[in-house]
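Enquirer: sequence below, structure please.
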Amino acid sequence: MKWILMVTFLVVLYGMTHIQVLNMTTQEIAYTRIETAMRLADHDATLDVTEASVAAGEPVFDQTAALATFEQSLAQNLDLNPTTLQPYPNTLLTEAPKILTVSYFDWSDVTAFPTTIVDTTYGVDMPVSAPSILVVVQFT
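Expert: Okay, here's the model as predicted:
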């Protein structure tokens with residue numbers, strides 16, 4: 001009888017271990033997908049610059065178009081509704097991401113690159129070598 005209990009215990013332990021590993025792998029895949037979607041959306045947004053500033057050699061972001069491009073790219077990469085950012089049924093997210101802040105660092109407010117982006121509210125302190133957009137998004 002004790003061997004039956006021991007084997008049962010080991011089978012349960014084996015099953016629980018594999019479930020935990022599967023759960024951790026799923027979370028890692030979700031995190032990687034969100035991180036990649038954020039990088040792609042931010043890159044797409046940085047391409048929205050005003051034509052006059054490009055001609056002058058010092059690109060300045062078209063902030064309205066850049067934010068719209070960011071949201072559209074994020075929606076496309078994470079299967080979200082492009083107008084509301086609400087997730088579609090049976091997709092990775094269950095709640096809409098919240099854009100907490102958007103900061104633009106371009107030639108209109110930075111005198112020289114490289115520079116450092118500092119946002120003490122969200123703990124951002126990073127060097128950038130070219131015009132950049134900082135978007136802080138909260139995912140649930």
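Enquirer: so what touches stretch 82-90?
Expert: 71-72, 74-76, 78-81, 93-97 (C-beta atoms under 8 Å, 6 or more residues apart in numbering). Just so you know, the C-beta spots here come from the backbone N, C-alpha and C atoms, and that holds for glycine as well.
Enquirer: can we see that at 6 Å?
Expert: By C-beta atoms under 6 Å, 6 or more residues apart in numbering, the residues outside stretch 82-90 that reach it are 72, 75, 79-80, 93, 96.
Enquirer: now, the most widely separated pair of those residues?
Expert: 72 and 93 (16.2 Å; C-beta to C-beta).
Enquirer: which one of the contacts of stretch 82-90 is nearest residue 23?
Expert: Proximity of those to residue 23, judged by C-beta to C-beta, is greatest for residue 93, which lies at 17.1 Å.
Enquirer: state the distance from that closest one to residue 74.
Expert: For residue 93, the distance to residue 74 (C-beta to C-beta, to the nearest Å) stands at 11 Å.
Enquirer: ok, these two, which is more surrounded?
Expert: Neighbours were counted for residue 93 and for residue 74 using other C-beta atoms under 10 Å; residue 74 has more, 24 against 18.
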